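*Asks:* Have a look; sequence and predicted model below, questions after that.
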Amino acid sequence: MPSAIDAVLKVLAVSGKDPRDDDCDYEHSSLSGSFTRDGETVDVEIYRFAGTQDPWRLAVVHMSGGNTEWQERFATEEDAYAAFLEVAEKSGLASFCARPSESVH
């Protein structure tokens, strides 16, 4: 049974460009999960197609609404997490709430 996160990722994937997204399972990085700072919480999702060595993808879902998906793909899950931290440090987590549905990079 697909998780709620898989459902969110499928919604995000529909707006993406890869036709495999519709019916694929995803492998989630151990770096994925909730991240809270200064009273704001986001769900960081680092994932790729299960059973592949495809580059990692990054999506951030703000708990109050809004989601952001990077168009850039990452060689490692650590690179994806570093990209998230860079935006979190520069703009704060509230910046992810301000995006109803946005792709970056």
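*Replies:* Thanks, I have the structure now.

*Asks:* Would you map the strands across this protein?
*Replies:* For the chain, the strands defined by DSSP state E occupy 26-28, 33-37, 40-49, 57-62, 67-70, 102-104.

*Asks:* For residue 94, which of those is the nearest?
*Replies:* strand 40-49 (5.4 Å; Cβ to Cβ). The way it works is simple: take the backbone N, C-alpha and C, and place the C-beta from them, glycine included.

*Asks:* returning to that earlier point: and the strands of the chain, which is most packed in?
*Replies:* For these, the largest average neighbour count (mean count of other Cβ atoms under 10 Å) is found in strand 57-62, namely a mean of 24.

*Asks:* Give me the sheet partners of that one and which way each runs.
*Replies:* Partners of strand 57-62 in the sheet, by DSSP bridges, are strand 40-49 (antiparallel), strand 67-70 (antiparallel).

*Asks:* and the longest one, what's its mean pLDDT?
*Replies:* It stands for strand 40-49. Across strand 40-49, the average pLDDT comes to 95.

*Asks:* Help me confirm that residue 46 comes into contact with residue 32.
*Replies:* Yes: with contact defined as Cβ atoms under 8 Å, residue 46 and residue 32 form a contacting pair (5.0 Å).

*Asks:* Return the set of buried residues in the biggest helix by length in the chain.
*Replies:* Identified as the longest helix of the chain according to DSSP state H is helix 77-91. Within helix 77-91, the residues scored as buried using 16 or more other Cβ atoms under 10 Å are 77, 80, 81, 83, 84, 87, 88.

*Asks:* my guess is residue 61 contacts residue 41, does it?
*Replies:* No: between residue 61 and residue 41 there is no contact under Cβ under 8 Å: 9.8 Å.
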